[in-house]
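# Here is a sequence with its predicted model. Questions after.
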Number of protein chains: 2
Amino acid sequence: MNTVEEWVSEPARIAGPGEDISVDELRLAARNHGLPLEALRYDVTPAGLHYLLTHYDIPALDPDTWRVTVSGAVERPLSLRLDDLRARPRVTHRVTLECAGNGRARLSPRPVSQPWLDEAVGTAEWTGAPLAGLLAEAGVATSAVDVAFTGADHGFERGVEQTYRRGLPLIEALRDDVLLVYEMNGQPLPPQHGAPVRLIVPGWYGMAHVKWLVDVAVLESEFDGFQNATAYRLKQAADDPGEPVTRILPKALIQPPGVPDFQSRVRVVDRGVVELTGRAWSGWAPVESVEVSTDDGASWRPAELGPQPAPYAWRSWRYEWTAAQSGRYELRARARDAAGHGQPVNQAWNRQGMANNHAQRVTVVVR
Amino acid sequence: MNTVEEWVSEPARIAGPGEDISVDELRLAARNHGLPLEALRYDVTPAGLHYLLTHYDIPALDPDTWRVTVSGAVERPLSLRLDDLRARPRVTHRVTLECAGNGRARLSPRPVSQPWLDEAVGTAEWTGAPLAGLLAEAGVATSAVDVAFTGADHGFERGVEQTYRRGLPLIEALRDDVLLVYEMNGQPLPPQHGAPVRLIVPGWYGMAHVKWLVDVAVLESEFDGFQNATAYRLKQAADDPGEPVTRILPKALIQPPGVPDFQSRVRVVDRGVVELTGRAWSGWAPVESVEVSTDDGASWRPAELGPQPAPYAWRSWRYEWTAAQSGRYELRARARDAAGHGQPVNQAWNRQGMANNHAQRVTVVVR
């Protein structure tokens, strides 16, 4: 006899050779959404255009009764209301967030999950209270190792019923730029971005920024819950324990030039000088260079970088392309950061489709 | 030799038997987005959760230099700034919008375009100036037949380069509830919903609500542009001229109960009394009844209707389901309006996948 888990939730799967996107994947693509690439034009992404990935359902939390607790290995457990957080020092950081699964649908064979192409990214101004101050107030045990963050969202995933929960090493949780935020772009957090309060861990992939936060637990051993031990791992085989997904690898995206075709999204530009612009970011170190190829990666030229507006916010870049000949072109861009991380032209495969950062390809027809 | 149009833009296509979703369709699904169905809980959809379909790119219009013209067969052509519109009588309507292609990806064989399942819907409070007053001021010629609305969005579609433009019969354009809106849910229109100004035609499918509006042209003959004559038609064969898509057919959606599985979105509920709730709407007449089936359409029971908040806004409904036995259930809901339109259990096919309104199916496991 089947268990409930088997009825509702299948194990992780790799698509077969030549298998197109399934209805299961489409259902996720229709409810989650990416940044329309023309929105790379905005320094700060309008809230409704920021990428969004919800594991289960968006919960309905009442901000008047909502509480976040600081629990576990602390001297003085806390229970805080929204007004308590608002009364604390107010800090705003501009941060670029990217989904760890961005680019998954370009892998071959394709891991079956949320099928992102290139668009699971966005940059917002996040305002809230530093976590470090809360932890100091609660008094973290000297034996503490990890901090686990629990959201209010609940569901099944690969046969495991769970409330969304992620662990973070204590040393990261104590950084002064890690925030419990209640505003996005100067407005109260929208429901889909974690209202009333979410975590922001600048530099890390999206899974770390726990939405609908209800508990912060200080742990004396390494957190081994599903989202750390199973889901967000870089691994090659099902039985490979793999490495944890942490900070965002460098990436550059091109704001597609010219005008699009509705269906294929191929771009049309007029012959002549075409200003290519885009954004580049890294969660490891500031972006140091962006290079552009107009021949599908055969040759590369440096782009001009705009200022780095904040340590973990994307940086603008521009490149003047003289499109002298009519024809079809494959544009690519790649970033490199000050820590020495770059972008591959072709993506190495991993079983869960995590932390992909191969150079984007934009097809353009010059007329 | 290929033309630019052939390079970038293919003719309309029907998917082959058993053909899954292509990367072309996925690209659209990743940039456009639907209402996550749990957001049916909101009377008014938060802006970032409202469905969104952009034919080309979201344009970047400067509200300070933006103008809308009233042109064509009028005595006194107008050119209006945003402040001019704001100075006019200010009207707010709550309106449910649905994409004409909603449900397309459930057709078999599947028309290849934006692959919506059930989620291309949303309800907002739209605030702006009535169009009828502007047309009266301009002085519509007695010979006028249609009004054509032009957006600022430009691209290719099935080989035709175009600026998005839709015609509306004059009698509809003169309705007192048709608005040029500059606010959504009490905030300035976000870029993706047509900033600075879009058209709202309550009761009509989404294609009529032209975004990024720049011109309103009064015509003395029927508008025969691409979006009316080719794209938004109900037809069976490629050479069938078909019928125009106009008002929204009735539809009920179920807010999925219980908790979901991440990948399959199958729901799990506990055995016992389950309150099912949802929304129902029609662009033809008020919703008169909603029925619920918990056995995949074999039998139907009436749901209790909430108030009709506005003529063209969705209406809430509830149904108390006693889930006495564990097992797997297919929930369905169907609405009927006062004009006598209902919803089929199985969808009739049409070549472009337009105006589909078969009863939604939600898979639930009772434990």
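Arrived safely, thanks for sending.

# tell me the strands in the stretch 151-300 of chain A, going along the chain?
A:160-169, A:179-184, A:187-188, A:198-200, A:213-219, A:233-234, A:243-244, A:251-254, A:259-260, A:267-269, A:272-281, A:287-293 (DSSP state E, counting those that start in this stretch).

# Parallel or antiparallel, which strands does the third one pair with?
When you say that, I think you mean strand A:187-188. Using DSSP bridges, the strands paired with strand A:187-188 are strand A:179-184 (antiparallel).

# outside of the strand it pairs with, which residues touch it?
Outside strand A:179-184, the residues within contact range by C-beta atoms under 8 Å, 6 or more residues apart in numbering or on different chains are A:47, A:50, A:68, A:82, A:85-86, A:91-93, A:124-131, A:134, A:188-190, A:193-194, A:196-200, A:213. Every C-beta, even on glycine, is put in place using the N, C-alpha and C of the backbone.

# Kindly recompute the last result at 6 Å.
The contact list for strand A:179-184 (C-beta atoms under 6 Å, 6 or more residues apart in numbering or on different chains) reads A:47, A:85, A:124, A:126-131, A:189, A:193, A:196-198, A:200.

# Please apply the same query to stretch A:336-353.
Contact with stretch A:336-353 is made by A:101, A:104, A:107, A:111, A:234-236, A:249-250, A:282, A:284-289, A:297, A:334, A:356-359, as judged by C-beta under 6 Å, 6+ apart.

# Only C-alpha atoms, please: export stretch A:3-15 in PDB.
What follows is stretch A:3-15, C-alpha atoms only, in PDB (Å, rounded to 0.1, in the frame of the first residue of the first chain):
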ATOM      1  CA  THR A   3       1.900   6.000   1.900                       C
ATOM      2  CA  VAL A   4       0.700   9.600   1.600                       C
ATOM      3  CA  GLU A   5       4.200  10.600   0.800                       C
ATOM      4  CA  GLU A   6       4.400   8.300  -2.200                       C
ATOM      5  CA  TRP A   7       1.000   9.600  -3.500                       C
ATOM      6  CA  VAL A   8       2.000  13.200  -3.500                       C
ATOM      7  CA  SER A   9       5.700  13.400  -3.800                       C
ATOM      8  CA  GLU A  10       8.200  11.700  -6.100                       C
ATOM      9  CA  PRO A  11      11.900  11.300  -5.500                       C
ATOM     10  CA  ALA A  12      14.300  13.500  -7.400                       C
ATOM     11  CA  ARG A  13      14.500  12.700 -11.100                       C
ATOM     12  CA  ILE A  14      16.700  13.400 -14.100                       C
ATOM     13  CA  ALA A  15      14.900  14.000 -17.400                       C
END
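
# and that stretch, how far out from the chain's middle?
25 Å (C-alpha atoms, centre = their mean, to the nearest Å).

# ok, and does it reach over to chain B?
Yes - using C-beta under 6 Å from any C-beta of the partner chain, stretch A:3-15 reaches chain B at A:V4, A:W7, A:V8, A:S9.

# Check those residues for burial and list the buried ones.
Buried by 16 or more other C-beta atoms under 10 Å in any protein chain shown: A:V4, A:W7, A:V8, A:S9, out of these.

# who's in contact with the second one?
The one in question is A:W7. A:W7 touches B:V365, counting by C-beta under 6 Å, 6+ apart.

# Secondary structure of it: a strand, I assume?
No - counting by DSSP: H, G, I helix; E, B strand; the rest coil, A:W7 is not found in a strand; it is helix.

# still on that earlier bit, dump the strands of the stretch 151-300 of chain A to JSON lines, plus mean neighbour count, mean pLDDT and distance to B:L40.
Output for those, formatted as JSON lines (neighbours: other C-beta atoms under 10 Å in any protein chain shown; pLDDT from 0 to 100; distance: least, C-beta to C-beta, whole Å):
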{"stretch": "strand A:160-169", "mean neighbour count": "19", "mean pLDDT": "97", "distance to B:L40": "21"}
{"stretch": "strand A:179-184", "mean neighbour count": "23", "mean pLDDT": "98", "distance to B:L40": "23"}
{"stretch": "strand A:187-188", "mean neighbour count": "12", "mean pLDDT": "96", "distance to B:L40": "21"}
{"stretch": "strand A:198-200", "mean neighbour count": "24", "mean pLDDT": "98", "distance to B:L40": "23"}
{"stretch": "strand A:213-219", "mean neighbour count": "21", "mean pLDDT": "98", "distance to B:L40": "24"}
{"stretch": "strand A:233-234", "mean neighbour count": "18", "mean pLDDT": "97", "distance to B:L40": "34"}
{"stretch": "strand A:243-244", "mean neighbour count": "12", "mean pLDDT": "98", "distance to B:L40": "36"}
{"stretch": "strand A:251-254", "mean neighbour count": "26", "mean pLDDT": "98", "distance to B:L40": "33"}
{"stretch": "strand A:259-260", "mean neighbour count": "22", "mean pLDDT": "97", "distance to B:L40": "31"}
{"stretch": "strand A:267-269", "mean neighbour count": "21", "mean pLDDT": "97", "distance to B:L40": "36"}
{"stretch": "strand A:272-281", "mean neighbour count": "20", "mean pLDDT": "98", "distance to B:L40": "34"}
{"stretch": "strand A:287-293", "mean neighbour count": "22", "mean pLDDT": "98", "distance to B:L40": "41"}
